[in-house]
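# model the structure of this input:
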Amino acid sequence: MAKLVRIATCNLNQWAMDFDGNLERVMESIRQAKAEGATFRVGPELEISGYGCEDHFLETDTFNHTWESLAEILKSELSDGILLDIGAAIMHRNVSYNCRVFICNRKIVLIRPKMFMADDGNYREPRWFTAWDKGYTTEDYYVPRRIREICGQEKVPFGIAAISTNDTCLASETCEELFTPNAPHILFGLNGVEIVANGSGSHHQLRKLDTRIDLMKSATAKSGGVYLYANQQGCDGGRLYYDGCAMIWCNGHLMAQGTQFSLNDVEMVYANIDLEEVRSFRSAFASRSVQAASAEKIPRVDLDFDLSSLDETTFEPTKAQEIKILHPMEEIAYGPSSWLWDYLRRSAQRGFFLPLSGGADSASTAALVGIMCQEVVKKCKDGDVSVIQDVQKVTRRKDWVPATPEELAKEILYCVYMASEHSGEETLTRARDLAAQIGANFDVIRIDGITRAIVESFSNCTNKTPHMETAGGCTAEDLAMQNIQARSRMVMAYFMAQLMPWASGSSGSLLVLGSANVDEALRGYYTKYDCSAADINPIGGICKVDLKDFLKWAAANKGYTVLAKVEKAPPTAELGGAGRGAEQTDEEDMGMSYEELSYFGKLRKISRCGPVSMVNKLVYEWPHLSPSVVGEKVKKFFFYYSINRHKMTTLTPSYHAENYSPEDNRFDLRQFLYNARWSWQYRKVDEAVARLERLDDMRAAKRQKVKE
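Numbers count the residues shown, from 1 in each chain. Predicted coordinates for the structure are as follows:
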């Protein structure tokens, strides 16, 4: 006889420290789960407070507000007839823990602390929480007075345990624990736990989802069982976008999958699972049974509750489905654009201001805003009340609903081409045409008057007038003249962002968008405090190679055909510096290609290479280059990286998409003042190059001898 359970997981668009909004979204997810007949619901990691509270987790207020929120759930009918797994920050014996709180029928069943903290890349959990290191044990947790008055419980179990219901056994692990070599779900499975839930706070990174999927598939394929995965989805107040994709797996098969990117505040994912399938799978696996019989035993908490209370005449077992993984270009299209919408609606600003140069980077940013408008209008046409209300709040237009993406873009996106005497007609045409295809406002302003006024002020002060090198100036003059053009654009961008709504008869101000890519940040190939200095940057974590591919994709799939012309145009800053004719490209100016720069970045960050180990790897990765050429390229990269590292301290907050980002504030923690001579390292590079060239000569001699 089938033992059907209807279980639910979700994507929630939580916002750090927004306790009112977070609680409402949690409660709405529970209401929807109950309305759909689910008897078990799991939510994201730290869903009550929001995952990204960071140092707010050092404040006792955050823990008090968490219990106040849980009290609202406990005193309502929400937990009647359903087992809830809720992510919350809990303090136990004056120690802060990242926990799962299980609630059923207005009682706390178990508080389960996280065992393994995420402490790399973007994550610093041990700064705020302590890992539970007492193993698979429980101890008494004395609940706060306000909770005691609601649920009548003086103490509840706190620790690592499974929950035994009348018809099954379940347990949970939290985000990072899935990624560990000896993950808790392994022992859970050997102990007869049939359902494992994972409340996660996992951010988007290009080409990362398949890693998550492989781990969940493996977790249920090796030992059988059911696995539920919940995640946050959206921007919760920082650089990260949590990419949802809630899933349910059974015996190595995907049963249900949510969206990776969306504008939904609450998205539920359901599956009807036959627990007899789990039992049959496991009992037929003889070697698993041997290991299970001798496995370390974990404690169980008894719960007088039935998950399998489904009416079998109404529900049928869910069938396995194909895994959905987006193409990387779709990830670029829908991740940053969703992040932009969350940031805009939650910042209460009037729209975006973008210095649009007609080049690949600013065109990519403009296209992302256009795609955001397309997705928002789709939700409006579907009658999504929440999105419609957000549109009206942003535009300050009561009862207005945009009929087309172009209508919305006209309301919220202001593009300006900031021309100088060095600007070309081709870039102006591309910028104007792109703004027209998106539907954005477009203007042209000349910055020559601003730069002349600054030069004149300097001349009045010093009795000296700087010139470009092409006009007889020295290198210092030439760089200063280039930089003042770039910095004038930043000043004008912020001035216009504050006043353009007013000039258009509206109110509020605009968020200034930056457009520097991750490779240029890595090398420092931009002017500090130029128009890359902005409020937010949706492409700051994306490499140039991917951006050019995205331009081609968006031209073919999103209706912005002018992007094909932008992609084919060689990138140039049009600052008119020394030796920079109209034909000189950025790659020529940098002395390296964007493909090479991206590879340097991956070796530096992902492979953890210094100059010497980078040379030792690249001589085999780039066999078309001699060791001496490789050595010179590596030296040049590290020189420019080190002299420009200080720019990372003022890098505009950017959407995190690449795992070799040089972002200084949280992800890539290194000094910003370097000895750019790298004397010891470069000496060792020279020694390595000499050794490698000798090896090349010896190999060539051997090959010649074989031929003879």
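
# what's the burial count for the spatially closest residue to residue 358 that is not a sequence neighbour?
Once flanking residues are discounted, residue 358 sits nearest to residue 427: 3.3 Å by CB to CB, 6 or more residues apart in numbering. (C-beta placed from N, C-alpha, C; glycine too.) Each residue near residue 427 was counted by other CB atoms under 10 Å, and the total is 21.

# which residues touch residue 427?
357, 358, 359, 417, 569, 574 (CB atoms under 8 Å, 6 or more residues apart in numbering).

# immediately after the least confident helix or strand in the chain by mean pLDDT, which helix or strand?
Ranked by mean pLDDT, DSSP states H and E, the helix or strand of the chain with the weakest confidence is helix 586-590, at a mean of 84. Tracing the chain C-terminally past helix 586-590 and defining elements by DSSP states H and E, one meets helix 594-605 next.

# which secondary structure elements does that following helix contact?
On a contact count with 3 or more CB pairs under 8 Å, 6 or more residues apart in numbering; DSSP states H and E, helix 594-605 meets helix 518-523, helix 544-557, helix 611-621, helix 627-644.

# now with 10 Å?
helix 518-523, helix 544-557, helix 586-590, helix 611-621, helix 627-644 (3 or more CB pairs under 10 Å, 6 or more residues apart in numbering; DSSP states H and E).

# quick check: angle from the fourth one to helix 627-644?
With axes from the mean of the first three to the mean of the last three CA atoms, to 10 degrees defining the directions, helix 611-621 sits at 140 degrees from helix 627-644.

# quick check: mean pLDDT of helix 611-621?
The pLDDT scores in helix 611-621 average 95.

# ok, residue 155 - contacts?
108, 139, 140, 141, 142, 143, 148 (CB atoms under 10 Å, 6 or more residues apart in numbering).

# the stretch 151-300 of the chain: strands as residue ranges?
Assigned by DSSP state E, counting those that start in this stretch, the strands in the stretch 151-300 of the chain fall at 155-159, 162-164, 169-173, 195-200, 226-234, 242-243, 247-250, 253-257, 266-274, 300-302.

# now distance to residue 479 and mean pLDDT too, for these, in JSON lines please.
Converted to JSON lines, the strands of the stretch 151-300 of the chain look like this (distance: least, CB to CB, whole Å; pLDDT from 0 to 100):
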{"stretch": "strand 155-159", "distance to residue 479": "61", "mean pLDDT": "98"}
{"stretch": "strand 162-164", "distance to residue 479": "65", "mean pLDDT": "98"}
{"stretch": "strand 169-173", "distance to residue 479": "54", "mean pLDDT": "98"}
{"stretch": "strand 195-200", "distance to residue 479": "47", "mean pLDDT": "98"}
{"stretch": "strand 226-234", "distance to residue 479": "41", "mean pLDDT": "98"}
{"stretch": "strand 242-243", "distance to residue 479": "41", "mean pLDDT": "96"}
{"stretch": "strand 247-250", "distance to residue 479": "52", "mean pLDDT": "98"}
{"stretch": "strand 253-257", "distance to residue 479": "52", "mean pLDDT": "98"}
{"stretch": "strand 266-274", "distance to residue 479": "51", "mean pLDDT": "97"}
{"stretch": "strand 300-302", "distance to residue 479": "68", "mean pLDDT": "98"}
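
# out of these, which is closest to residue 484?
When these are compared by CB to CB, strand 226-234 sits nearest residue 484, at 39.1 Å.

# low-confidence stretches in the stretch 451-600 of the chain?
Scanning the stretch 451-600 of the chain for pLDDT under 70 picks out 572-584.

# if we use 50, what do you get?
Within the stretch 451-600 of the chain, the segments meeting pLDDT under 50 span 578-582.

# rewinding a little: return the member of the contacts of residue 427 nearest to residue 599.
Each of those was checked against residue 599 using CB to CB; the closest is residue 359, at 22.5 Å.

# give me the nearest residue to that closest one, chain neighbours excluded.
residue 571 (5.8 Å).

# go on, residue 365?
Closest to residue 365 by CB to CB, 6+ apart is residue 515, at 4.6 Å.

# OK, contacts around the one you found?
Residues near residue 515 by CB under 10 Å, 6+ apart: 354-357, 359-366, 368, 526, 531-532, 534, 537-540, 547, 652.

# now, the residues you listed that are in strands?
354, 355 (DSSP state E).

# can you pick out the ones from the contacts of residue 515 that are in helices?
Members of the contacts of residue 515 lying in helices (criterion: DSSP state H): 360, 361, 362, 363, 364, 365, 366, 368, 547.

# mind checking which of those are buried?
Neighbour-count burial (16 or more other CB atoms under 10 Å) is assigned, among the ones in helices among the contacts of residue 515, to 360, 361, 362, 363, 364, 365, 366, 368, 547.

# as TSV, those with distance to residue 29 would be great.
TSV is the format used below for those (distance: CB to CB, whole Å):
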residue	distance to residue 29
360	40
361	38
362	39
363	38
364	34
365	33
366	35
368	29
547	36
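
# from the contacts of residue 427, pick the one nearest residue 602.
Nearest to residue 602, judged by CB to CB, of the contacts of residue 427 is residue 359 at 24.1 Å.

# identify the farthest-apart pair in the contacts of residue 427.
Using CB to CB, the contacts of residue 427 span at most 14.8 Å, a distance reached by 417 and 569.

# neighbour-wise, which of the two wins?
Applying other CB under 10 Å to residue 417 and residue 569 shows that residue 417 carries more neighbours, namely 22 against 17.

# let me know the pLDDT of the more buried one.
Residue 417 is given a pLDDT of 96.

# nearest to residue 621, out of the strands of the stretch 151-300 of the chain?
Between residue 621 and those, the tightest spacing by CB to CB is seen for strand 242-243, at 30.4 Å.

# what helices and strands are in contact with the closest one?
strand 4-12, strand 226-234, helix 328-347.

# so what strands line up beside the second one?
Just to be clear, that refers to strand 226-234. Neighbouring strands of strand 226-234 in its sheet, by DSSP bridges, are strand 4-12 (parallel), strand 195-200 (parallel), strand 242-243 (antiparallel), strand 247-250 (antiparallel).
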